[in-house]
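A.B. asks: Build me a structure from this.
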Amino acid sequence: MRISSLLFLLIGAFCFITGCTKQDLQALDLKDSYYPLQVGKYIIYDVDSTVYDEFSQSSYLHQFQVKMLVADTFRDSNMKLNYRYERYTRENSKQAFQLADVWSATQQNGRVEVVEENQRFIKYIYPPVLGNSWKGNAYIKADLNDPRSKFLGNWDYSFTAVDQPFELKGTTYDSTIVVLENGELIPQVESSNFKTIYAKHIGPIYAKREYLEKQPSDLTWQSGFSVEYRINSHN
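C.D. replies: A predicted model of the protein is given here:
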């Protein structure tokens, strides 16, 4: 797989999510912990995006900001409550944010489902338990003729840390969880590091999306990308 087939992931970030029966109480617990949900809530991220070019043997760093805003709610065709996420970008803090994407998310049956770039992901299962895993990309059917779906198919998501403190940019978050996302790779040729860290009562505070590919002839890293999101501010 070449880097041109994976550039779509550069804007991929993260995703979030929603809400009496027992199921409703579970939704409330979720909203009060690692997926706080209410219209008007936002998080702003500082983003470092690096692309490694095998032809020029150079790397290119692009720094910008992303704002994720819970803008509204709506009911889908099954009358399930969904949250509308608006994703804004800007080059620096002196510029105004510009709308880039609209995503949606819902919480049902003890899990969070997010639709981004017309793909549905199972981002989270509830409650978070260390070591628990699930097929986060179960809705994506791998197609050998489609590099995007081939790359995303059959990924395992798992909790690698639960209710642990985490320090980021000088701020210590008392309780966080880490979700690691692993796809199928070619051993010694491909490498990836996809993970998201969530802080209690805030949501996603950090995410990394990295894919590197080696040159088969000498096994040196030749192409790929790395995108890191770090929380800047939130309400």
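
A.B. asks: From residue 53, how far off is residue 129?
C.D. replies: From residue 129 across to residue 53, the span is 41 Å (CB to CB, to the nearest Å). C-beta here means a position set from N, CA and C on the backbone, and glycine is covered the same way.

A.B. asks: Check residue 154 too.
C.D. replies: In terms of CB to CB, residue 154 sits 29 Å off from residue 53.

A.B. asks: mind listing what's buried in the lengthiest strand in the chain?
C.D. replies: Longest strand in the chain, counting residues (DSSP state E): strand 58-75. Residues of strand 58-75 classed as buried by neighbour count (16 or more other CB atoms under 10 Å): 65-71, 73.

A.B. asks: show me where pLDDT drops low in this structure?
C.D. replies: For the chain, the stretches with pLDDT under 70 are 1-32, 142-150, 186-188, 215-221.

A.B. asks: Would you enumerate the residues in contact with the spatially closest residue to residue 57 that is not a sequence neighbour?
C.D. replies: In this structure, residue 57 finds its nearest non-sequential neighbour in residue 222, 7.5 Å apart by CB to CB, 6 or more residues apart in numbering. Contacts here follow CB atoms under 8 Å, 6 or more residues apart in numbering; on that basis residue 222 touches 52, 54, 57, 213-215.

A.B. asks: try residue 159
C.D. replies: By CB under 8 Å, 6+ apart, the contact set of residue 159 is 128-133, 177-180.

A.B. asks: Out of those residues, who's the most crowded?
C.D. replies: When neighbours are counted by other CB atoms under 10 Å, residue 179 leads those with 25 neighbours.

A.B. asks: Just to check, residue 113 is in contact with residue 105?
C.D. replies: Yes - between residue 113 and residue 105 a contact is recorded at 6.8 Å, counting by CB atoms under 8 Å.

A.B. asks: Quick one: neighbours of residue 76, just the number.
C.D. replies: Counted with other CB under 10 Å, residues neighbouring residue 76 total 11.

A.B. asks: I'd say it and residue 105 touch.
C.D. replies: No - in this structure, residue 76 is not within contact of residue 105 by CB under 8 Å, at 11.3 Å.

A.B. asks: related to what we said a few turns ago, same list, the contacts of residue 159, but as JSON lines with distance to residue 169 and secondary structure please.
C.D. replies: Formatted as JSON lines, the contacts of residue 159 follow (distance: CB to CB, whole Å; DSSP: H, G, I helix; E, B strand; the rest coil):
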{"residue": "128", "distance to residue 169": "23", "secondary structure": "coil"}
{"residue": "129", "distance to residue 169": "28", "secondary structure": "coil"}
{"residue": "130", "distance to residue 169": "25", "secondary structure": "coil"}
{"residue": "131", "distance to residue 169": "28", "secondary structure": "coil"}
{"residue": "132", "distance to residue 169": "29", "secondary structure": "coil"}
{"residue": "133", "distance to residue 169": "29", "secondary structure": "strand"}
{"residue": "177", "distance to residue 169": "19", "secondary structure": "strand"}
{"residue": "178", "distance to residue 169": "17", "secondary structure": "strand"}
{"residue": "179", "distance to residue 169": "20", "secondary structure": "strand"}
{"residue": "180", "distance to residue 169": "21", "secondary structure": "strand"}
